[in-house]
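In: sharing a model prediction with you, sequence too.
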Amino acid sequence: MTLTWTSKPYAALALDELYALLQLRSEVFVVEQACAFQDIDGQDAAAHHLLGLAPDGRLAAYARLFAPGACYAEASIGRVVVSPQFRRSGLGQALMREALAQCERLFGTGPIKIGAQQYLLDFYQSFGFEPSSAVYLEDGIPHLSMRRP
């Protein structure tokens, strides 16, 4: 499936886009992963929001992109998510390729840091990320910091 990609700063998001991305994040990170945590964390206003829309207009994939200095010294990518209805179709790979391309377009070339769920270590390593911390618990889920030079 081919998605239509758009990257917008927070202030440029339409209300329907904001609702869709918050709904998807809640569906996956809070309900599916059974993790009570504060998803609306005050960082959305500093992010560019990468939206991957299916041909029917539904939000199929999403990520937050941050400039160097916003979260870490490096640029960063977070809240990487594919809608359950669109999984097993390669959209996770497509989302990360697009997120990396958008980071380069927006912030130039340079290192990128992520906080990854441990079970996705191999996935992120396939994009050149390497572990840069020991495993730690975040909201009860094992994570590790990873960095792509």
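Out: On my side now, so go ahead.
In: check the offset of the helix or strand bottoming out on mean pLDDT in the chain from the chain's centre.
Out: Across the helices and strands of the chain, mean confidence by mean pLDDT, DSSP states H and E is lowest for strand 136-138: a mean of 91. With C-alpha atoms, centre = their mean, to the nearest Å as the basis, strand 136-138 stands 18 Å off its chain's centre.
In: equivalent analysis for stretch 113-120, please.
Out: Distance, centroid of stretch 113-120 to centroid of chain: 11 Å (C-alpha atoms, centre = their mean).
In: which residues touch stretch 44-62?
Out: For stretch 44-62, contacts defined as C-beta atoms under 8 Å, 6 or more residues apart in numbering pick out 1-11, 13, 17, 20-21, 24-25, 63-67, 70-71, 78-83, 85-86, 91-92, 94-95, 98-99, 102, 106. Any C-beta I mention is one placed from the backbone N, CA and C, and that applies to glycine too.
In: residue contacts, the closest residue to Val28 other than its chain neighbours?
Out: Sequence neighbours aside, Val81 is the residue nearest to Val28 in space, at 5.0 Å (criterion: C-beta to C-beta, 6 or more residues apart in numbering). For Val81, the contacting residues are Leu24, Arg25, Val28, Phe29, Ala61, Tyr62, Ala63, by C-beta under 8 Å, 6+ apart.
In: mind pulling the model confidence for the residue lying closest to the fourth one once chain neighbours are set aside?
Out: Excluding the flanking residues, the one nearest Phe29 by C-beta to C-beta, 6+ apart is Asp39, at 5.8 Å. Predicted confidence (pLDDT) at Asp39: the value is 83.
In: of the contacts of Val81, which belong to strands?
Out: Ala61, Tyr62, Ala63 (DSSP state E).
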